[in-house]
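**Q** sequence isn't available, so here's the structure alone:
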Ligand code: FRU
């Protein structure tokens, strides 16, 4: 079981309880927006040695959780927990970036600013109030409505496509769950024709409260789903399954269950599973993601925060967006994660190999000429007919082929990169996103996905690869190494 309160959470809690003075009580200087130099962000060409080239990061400052990801009229909006004044967690703002396609991002000014917007501007979700249910529309575009606040949900709304946000009702909470609460997720539920709000609270232990509203302003408590595993940043969304839908409920660490949701209560039908491998924690390799509201094409698209990536002017970044789906297993429905199709538009050069059956020496030689920058590697191996006990890639090897970061399938343990991955009809498929200290691994069509922040060499920003086979042959069905274009302009 995960520890309940980390040192940072204690800091956060004391800051909340005492309105900021708690930090001083713990021997940390109090920090308020006014204490820091103001904007603009530091200049950057986004070419810093550890800056993701096709992963979003804030132009400057600290970033944590993904907040209110949503799509409106040709633009994806990504908000995020943000301290623009330093490289560590402090004085939460909502950072903001926009994109036409989820891969090319433009930094925008701060969306929610302490001192201007009241309360703890902690994590939350948002949506577009297309039919002006709130009655808050004052322009010819529908309001964009976002929810934040701790121990009481506050609403902020924008009538200018998220350029500026107003505070609703002087910041008076629109819903106040029992206990300590934070991280509201809000969505439209077609079954009941109402909005739903799901929020983490510790009332009687970990869990979520579920509220309903006809207008996003007046909320009625409907039920509580108590679960010891469910801590912070809940998300609840439907995914197609067989001829209908199932609902997925997950927390910040990516633990999740699948079940039914009738608009009043959530009923799990599976045991708790892990949506993502790696370390789902505030100081881990991923944490605190959300799915987008209203993306075109009925897709469920998720981005998570990657705490481990940093440089001289920023800390933290986001994962590459993935599309979620459910597949049937003997343990019931399980979530798959796969990079969104837009990645195909970033490929600009491809090296292809296979089919081939290679021994360790031939494997070592096969990719010797490949020198890439940021890349995507897609490979299929016939595990059953391979005699090697382990096979896969060594990434970022030295010029003489030594060193490197191993991404291997272990045939005996049936693991990829240490995480369980049974073969699929005797095959193993690997898809790797390799981007300056970001590594995302997808096994067997997203059945397993892994997020890591290894330290790749930064000397010349090129990567040399090796195919690796341990103690026997490996049957390569196909390998494609795609160079991936940098997305910052
Ligand atoms: C998760 C979290 C949230 C909270 C936010 C504060 O990382 O602890 O529960 O709203 O960070 O920044």
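**A** Right, received. Where do you want to start? Everything numeric in this text was worked out from a predicted model, so none of it was measured.

**Q** list the contacts for the residue nearest in space to the middle of the chain?
**A** Residue closest to the average C-alpha location in the chain (Cα atoms, centre = their mean): residue 304, at 0.8 Å. With contact taken as Cβ atoms under 8 Å, 6 or more residues apart in numbering, residue 304 is in contact with 66, 254, 276, 286, 287, 288, 289, 318, 319, 451. To be clear about C-beta, it is placed using only N, CA and C from the backbone, and glycine gets the same treatment.

**Q** what two of these are the furthest from one another?
**A** Taking every pair in the contacts of residue 304 and measuring Cβ to Cβ, the maximum separation is 14.4 Å, between 254 and 318.

**Q** closest to the ligand among the contacts of residue 304?
**A** residue 288 (4.3 Å; Cβ to the nearest ligand atom).

**Q** which SSE is immediately downstream of the lowest-mean-pLDDT helix or strand in the chain?
**A** The weakest-scoring helix or strand in the chain, judged by mean pLDDT, DSSP states H and E, is helix 21-25 (a mean of 29). Per DSSP states H and E, the first helix or strand lying C-terminal to helix 21-25 is strand 61-72.

**Q** and the closest residue to residue 360 other than its chain neighbours, what element?
**A** The shortest distance from residue 360 to any non-neighbouring residue, by Cβ to Cβ, 6 or more residues apart in numbering, is to residue 469 (4.7 Å). Assigned by DSSP H and E, residue 469 belongs to strand 466-470.

**Q** now do residue 160
**A** Counting by DSSP H and E, residue 160 is part of no helix or strand.

**Q** flag every residue of the stretch 151-300 of the chain that's near the ligand.
**A** Residues of the stretch 151-300 of the chain lying close to the ligand (Cβ under 6 Å from any ligand atom) are 182, 183, 232, 233, 252, 282, 287, 288.

**Q** and for the last one, the neighbour number?
**A** Using other Cβ atoms under 10 Å, residue 288 has 25 neighbouring residues.

**Q** residues contacting it?
**A** Per Cβ under 8 Å, 6+ apart, neighbours of residue 288: 64, 65, 66, 81, 123, 232, 233, 252, 282, 304, 305.

**Q** tell me where the model's unsure across the stretch 1-150 of the chain.
**A** For the stretch 1-150 of the chain, the stretches with pLDDT under 70 are 1-39.

**Q** residues from it in reach of the ligand?
**A** 64, 65, 81, 92, 122, 123.

**Q** can I get those in TSV with neighbour count?
**A** Formatted as TSV, these follow (neighbours: other Cβ atoms under 10 Å):
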residue	neighbour count
64	22
65	26
81	24
92	25
122	21
123	30
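
**Q** and those residues, which is closest to residue 330?
**A** residue 65 (33.8 Å).

**Q** I figured that closest one hits residue 234, correct?
**A** No - if you go by Cβ atoms under 8 Å, residue 65 and residue 234 don't touch, sitting 12.0 Å apart.

**Q** tell me, what's touching those two both at once?
**A** In contact with both residue 65 and residue 234: residue 183, using Cβ under 8 Å, 6+ apart.

**Q** mind listing residues that contact stretch 353-364?
**A** 366-367, 385, 388, 391, 401, 466-479.

**Q** mind doing that once more with 6 Å?
**A** 366, 466, 467, 469, 473, 474, 475, 476, 477, 478, 479 (Cβ atoms under 6 Å, 6 or more residues apart in numbering).

**Q** how about stretch 124-143?
**A** 67-68, 70, 72, 144-148, 157, 159, 161, 184-186, 215-217, 293.

**Q** quick check: buried residues in that stretch?
**A** 124-129, 133-134, 136-137, 141-143 (16 or more other Cβ atoms under 10 Å).

**Q** cool, stretch 152-164 as well?
**A** Buried residues in stretch 152-164 (16+ other Cβ under 10 Å): 152, 153, 154, 155, 156, 157, 158, 159, 161, 162.

**Q** can you give me the helices in the stretch 351-489 of the chain?
**A** 360-366 (DSSP state H, counting those that start in this stretch).

**Q** mind showing which ranges of it have poor pLDDT?
**A** Checking the stretch 351-489 of the chain against pLDDT under 70 turns up nothing.
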